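> from the sequence below, what's the structure:
(4 chains)
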There are 2 protein chains.
Amino acid sequence: MNSKTVPNTATGQKASSAHRSYEEELREAGIRITKPRKVILKILTQASDHPDAMEIFRRAVKVDASIALATVYRTMKMLEDLGAVHRHSFEGGPARFENADAEHHDHLIDLDTGDVIEFHSERIEQLQQQIADELGYDIEHHRLELYGRKRKK
Amino acid sequence: MNSKTVPNTATGQKASSAHRSYEEELREAGIRITKPRKVILKILTQASDHPDAMEIFRRAVKVDASIALATVYRTMKMLEDLGAVHRHSFEGGPARFENADAEHHDHLIDLDTGDVIEFHSERIEQLQQQIADELGYDIEHHRLELYGRKRKK
DNA sequence: CTTCCAGTTGCAAACGATTTGCATTTGCAT
DNA sequence: ATGCAAATGCAAATCGTTTGCAACTGGAAG
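Predicted coordinates:
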């Protein structure tokens, strides 16, 4: 009860089916695969929502009570630097993460539930590009978030 | 060295010329106009950039050394609730504020300098609206930020 | 132009999210 | 098995922001 992929392509299986497993990525990058990391990576692989660090920590502790919150933060930072996950800082709240290997998309955040719905508009992307061009800038990345509530009726 | 309005309509005078002065707004809302508030409001009226609370505080202290940072935060919250200023939380950094009575616009943040360039695309607004419609949502507000660097050459 | 008190203030302590220092483990290449 | 840089857990530190509280002050009422 926290996130949905909207173009709703297939039928709701594990939304974030990593193409290349996280462990493979770490191995390729020459980064150690430790016990706490395994736990966190598994949680991320199974997650179909956009959990924040504390939520990941809660799920991790259930598997291995000795894992520290700091390790979750360190691991998420590592994965972000590696490009394996994306960090989103929605309105005020804590940063929330999602697997990076999905196609690019933006988010609509349900103000009542916190649910995150993903969407994508090629047309908007083009317009953004065009605007940056006109302003003489190269876009590194962007952020488009719609905040709203389910339409009544 | 921190913000520019891009459509660059007129020649760079006080970018945020409040239509209705802040003091008028407070008065109308039945909110007291105190000494520290006067200082902060003046700073905001003169600001042509998007200062954060600490920056507003620094400028305020030059005028009246006894002003507290907490007062700046409280005043900004008050103005935001009043709808007189907009709060933007760009990438990680602290919240930055701007006068609310300009026409709606989005932002391009210069990753090298922190400068904020404003832009507006009616077409993008329409597309966002359309997307929300399709998803069955009413947009409360949105956030579109482009992060980039000045194009080389 | 006093009086009065709810609204405001300054200050310091509390906060939530995240990061960091450090001494202790632990992957994993040898 | 061995060695050591990398990673961990823990606690303390940081950053931006909020809050409790006692002292202070606009500005409406007299």
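
> let me see the domain layout of chain A.
Following automatic domain parsing, one gets these domains for chain A: A:15-102, A:103-153.

> out of those domains, nearest to DNA strand C?
Closest to DNA strand C of the domains of chain A is domain A:15-102 (CB to the nearest atom of the strand; 3.2 Å). Just so you know, the C-beta spots here come from the backbone N, C-alpha and C atoms, and that holds for glycine as well.

> closest one to residue B:38 among the domains of chain A?
domain A:15-102 (29.0 Å; CB to CB).

> what about stretch A:89-98, start to end distance?
12 Å (CA to CA, to the nearest Å).

> now do it: distance to the chain's middle.
Centroid separation for stretch A:89-98 versus its chain: 9 Å, with CA atoms, centre = their mean, to the nearest Å.

> a markdown table please, covering the domains of chain A and showing mean neighbour count.
Converted to a markdown table, the domains of chain A look like this (neighbours: other CB atoms under 10 Å in any protein chain shown):
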| stretch | mean neighbour count |
| --- | --- |
| domain A:15-102 | 16 |
| domain A:103-153 | 16 |
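
> quickly find the element holding the residue in chain A that DNA strand D sits nearest to.
Here the residue of chain A nearest DNA strand D is residue A:71; by CB to the nearest atom of the strand that distance is 3.1 Å. Taking DSSP states H and E as the definition, one finds residue A:71 inside helix A:69-82.

> residues contacting that helix, please?
A:22, A:25-26, A:29, A:31, A:36-37, A:40, A:44, A:53-54, A:56-57, A:60, A:85-87, A:95, A:97 (CB atoms under 8 Å, 6 or more residues apart in numbering or on different chains).

> out of these, which touch DNA strand C?
On the criterion CB under 7 Å from any atom of the strand, A:53, A:54, A:95 are the entries of the contacts of helix A:69-82 that sit beside DNA strand C.

> give me the subset of those touching chain B.
The subset of those within reach of chain B, by CB under 8 Å from any CB of the partner chain, is empty.

> out of these, who's nearest residue B:112?
residue A:95 (23.2 Å).

> surely residue A:145 and residue B:142 touch.
Yes - the pair residue A:145 and residue B:142 passes the contact test of CB atoms under 8 Å, sitting 6.3 Å apart.

> so residue A:145: helix, strand or coil?
strand (DSSP: H, G, I helix; E, B strand; the rest coil).

> pLDDT wise, what is the closest residue to it other than its chain neighbours at?
Spatial nearest neighbour of residue A:145, chain neighbours left out: residue B:143 (4.7 Å); criterion: CB to CB, 6 or more residues apart in numbering or on different chains. Listed pLDDT for residue B:143 reads 94.

> cool, residue A:21 as well?
Reported pLDDT for residue A:21: 85.

> I'd assumed residue A:45 was in contact with it.
Yes - assessed by CB under 8 Å, residue A:21 is found in contact with residue A:45 at 7.2 Å.

> how about low-confidence regions in chain A?
Filtered on pLDDT under 70, chain A yields the residue ranges A:1-19.

> where exactly do the strands run in it?
A:3-5, A:85-88, A:96-99, A:106-110, A:116-119, A:137-150 (DSSP state E).

> output the contacting helices and strands for the second one.
Meaning strand A:85-88. When contacts are defined as 3 or more CB pairs under 8 Å, 6 or more residues apart in numbering or on different chains; DSSP states H and E, strand A:85-88 sits against helix A:69-82, strand A:96-99.

> picking that back up, and the residue of chain A closest to DNA strand D, how far from residue A:39?
9 Å (CB to CB, to the nearest Å).

> tell me the spatial nearest neighbour of residue A:25, not counting adjacent residues.
Closest residue to residue A:25 apart from its sequence neighbours, by CB to CB, 6+ apart: residue A:84 at 5.3 Å.

> meant to ask about residue A:63
Nearest non-adjacent residue to residue A:63, counting by CB to CB, 6+ apart: residue A:39, 4.9 Å away.

> let me see the contact set for that neighbour.
Residue A:39 neighbours (CB under 8 Å, 6+ apart): A:60, A:63, A:64, A:67.

> chain B: which of those is nearest?
Using CB to the nearest CB, residue A:60 comes nearest to chain B of the contacts of residue A:39, at 24.3 Å.

> surely the closest one and residue A:54 touch.
No - the criterion here is CB under 8 Å, and residue A:60 misses it with residue A:54 at 10.4 Å.

> any idea what the residue positioned nearest the centre of chain A is bridged to?
Nearest to the geometric centre of chain A sits residue A:98, at 1.5 Å (CA atoms, centre = their mean). For residue A:98, the beta-bridge partners are residue A:86 (DSSP bridges).
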